[in-house]
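In: Got a sequence here, can you build the structure:
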Amino acid sequence: MENKFLQENKEKLEKAKESMEKELEKFAQKDKKSPGDWNTRFPKFNGGESGSAALEKAADEVEEYSTLLSIEHSLELSLKAINLSL
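Out: Prediction:
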């Protein structure tokens, strides 16, 4: 009974780990030098704006990057907890 419980929870953790890694792969890449660390890619919004439109687009890129960094950090912490549990 206990072995079945452990196996079921292990499978759930492995599925959660896989799901989090897939989510991270959408906007980040694994750091080859630091296991368990991911690096968020800076978003590049396409367009040929100039003047204030270009500045607004640059601000949007920075805002998106900042949002992705916080998501990356949260997912990394969750992955670390899962890996410790496994």
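
In: measure the spatially most central residue of the chain to I71 for me?
Out: By C-alpha atoms, centre = their mean, the chain has its centre lying nearest to L24, at 3.0 Å. With the distance defined as C-beta to C-beta, to the nearest Å, L24 ends up 8 Å from I71. The C-beta positions use only the backbone N, C-alpha and C, and glycine is treated the same way.

In: what about the helices in the protein?
Out: For the chain, applying DSSP state H gives helices covering 2-25, 52-85.

In: what helices or strands is the helix or strand of the chain with the lowest mean pLDDT leaning on?
Out: Least confident helix or strand, the chain: helix 52-85 with a mean of 93, by mean pLDDT, DSSP states H and E. Counting by 3 or more C-beta pairs under 8 Å, 6 or more residues apart in numbering; DSSP states H and E, the packing neighbours recorded for helix 52-85 are helix 2-25, strand 38-40.

In: Could you tell me the angle between it and helix 2-25?
Out: Inter-element angle recorded for helix 52-85 and helix 2-25: 160 degrees (by axes from the mean of the first three to the mean of the last three C-alpha atoms, to 10 degrees).
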